[in-house]
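Make a model of this:
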Amino acid sequence: MILLISFITLALNAQVHCQEGVLLFDKVRSIYQEDSTTIITLRTRSSGSDSLIIIFILPVEEEKKAYIFGSGIQEILELANSNLLKQDIVFIQPGFSRIPWYGDCPDNQQISQEKYLLDLISQVSLNFHNHHKRIYLLGFSKSGWGSMSVLLNYPDILDGIFIWDTPFCSEFKKEWGMDQVFRDSNYYTRNYLLTKRIGKAARSLEGKTIAIGGHDLFLEETKIFLELMDENNISYFYNPDLHYKHEWNKEWIYSLLHYGEDIVIDTIDNPDRLIRD
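I've put the predicted structure just below:
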């Protein structure tokens with residue numbers, strides 16, 4: 001692993017570095033975060049094409065507890081090292097100074113997690129301004145919830161999401177750290193409750209890639225949310241056969257990424273290339 005540490009400030013014309021086949025680390029200070037955070041990037045091999053896929057891997061926890069549920073970008077690195085990912089893909093995993101729920105606190109600009117992510121997407125897009133880009137979010141649990149939330153709010157900047165074992169029906173609960181971001185139940189329900197927002201956003205989701213899996217903790221919530229999507233004629237891909245623990249796992253990642261165009265190698269000639277737990 002090669003370690004590159006630089007210091008950039010979001011909301012400025014900053015560079016986020018990436019290199020083929022290795023994880024690179026950029027130290028970032030943003031007006032939307034209380035402390036500096038670390039962005040980790042990985043690029044698959046380049047074909048010289050002007051087309052590029054950019055996938056943001058959204059963490060479940062804040063940076064100081066980032067690996068409680070494993071490492072999303074480490075799982076991606078293992079897929080890349082096994083030659084299971086296609087060329088011309090950039091993966092980006094942002095860090096968060098507080099537990100991420102991917103919303104904006106109404107009282108504190110420095111806990112504006114949605115704005116922070118949107119700012120990062122904007123900066124990365126500028127970095128690759130010469131490319132034709134498709135941009136996706138990848139997450140599970142709270143970061144799957146966040147992926148859906150950001151897609152509902154900003155469908156124009158995303159091409160889709162890949163999410164697994166997601167608490168789609170979550171109402172406001174203090175014990176999950178929601179109060180650090182959303183302040184109270186009224187603010188959360190009015191602005192962020194997914195089950196209230198999905199119908200209003202239905203038309204804007206036309207043509208988006210929405211790949212969903214769910215088995216462990218949130219299977220029933222997944223079923224409820226899929227029914228809401230059906231009622232609103234929203235297209236999606238659902239894989240009910242992902243039976244894994246509530247953590248980052250290269251197998252469910254690989255399975256969901258199949259639904260995105262030109263992301264994974266379609267056939268595995270040697271099953272051992274995907275190591276099972």
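
show me where pLDDT drops low in the stretch 151-277 of the chain?
267-277 (pLDDT under 70).

Please repeat the previous calculation with a cut-off of 80.
175, 215-216, 266-277 (pLDDT under 80).

quick check, L138 in a strand?
Yes - L138 sits within a strand when classified using DSSP: H, G, I helix; E, B strand; the rest coil.

who does it bridge with?
As for beta bridges, L138 partners with I57, F162 under DSSP bridges.

residue contacts, G214?
Listed by Cβ atoms under 8 Å, 6 or more residues apart in numbering, the contact set of G214 reads W164, D165, T166, E221, T222, K223, P240, L242. Placement of C-beta: from N, CA and C, glycine included.

distance of the nearest residue to I39 once chain neighbours are set aside from I54?
Nearest residue to I39 in three dimensions, chain neighbours excluded: D26, at 4.7 Å (Cβ to Cβ, 6 or more residues apart in numbering). According to Cβ to Cβ, to the nearest Å, D26 and I54 sit 15 Å apart.

Same check on R190?
Counting by Cβ to Cβ - R190 and I54 are separated by 31 Å.

Those two - which one has more neighbours?
Each of R190 and I54 has its neighbours counted (other Cβ atoms under 10 Å); I54 has more, 24 against 10.

what about the helix or strand where that one lies, average pLDDT?
Take DSSP states H and E as the rule and I54 turns out to sit in strand 51-57. Averaged across strand 51-57, the pLDDT comes to 97.

Give the next helix or strand downstream of that strand.
helix 72-81.

can you pull the contacts of the residue nearest to P94 when sequence neighbours are not counted?
The shortest distance from P94 to any non-neighbouring residue, by Cβ to Cβ, 6+ apart, is to I39 (5.2 Å). Neighbouring residues of I39 by Cβ under 8 Å, 6+ apart: V16, F25, D26, V28, I92, Q93, P94, G95, L120.

G72 too?
Per Cβ under 8 Å, 6+ apart, neighbours of G72: I57, L58, P59, Q93, L138, G139, W248, I253.

For Y102, give me the backbone phi and psi.
For Y102, the backbone dihedrals (degrees, to the nearest 10) come out as phi 60, psi 30.

separation between it and P94?
Relative to P94, Y102 is positioned 10 Å away (Cβ to Cβ).

returning to that earlier point: could you give the average pLDDT over the helix or strand containing the residue nearest to I39?
Using DSSP H and E, D26 sits in strand 24-29. For strand 24-29, mean pLDDT is 90.

Show me what L85 is bridged to.
Counting by DSSP bridges, the residues bridging with L85 are V264.

and the gap between it and E227?
Taken as Cβ to Cβ, the span from L85 to E227 is 33 Å.

more neighbours, those two?
Of the pair L85 and E227, L85 is the one with more neighbours under other Cβ under 10 Å, namely 23 against 10.

Go through this protein and flag its longest helix.
helix 113-127 (DSSP state H).

Please identify the buried residues of that helix?
Q113, E114, K115, Y116, L117, L118, D119, L120, I121, Q123, V124, N127 (16 or more other Cβ atoms under 10 Å).

ok, these vs S235, which is closest?
Closest approach to S235 among these (Cβ to Cβ): I121, at 23.0 Å.

who's in contact with the closest one?
By Cβ under 8 Å, 6+ apart, the neighbours of I121 are F56, I135, I157.
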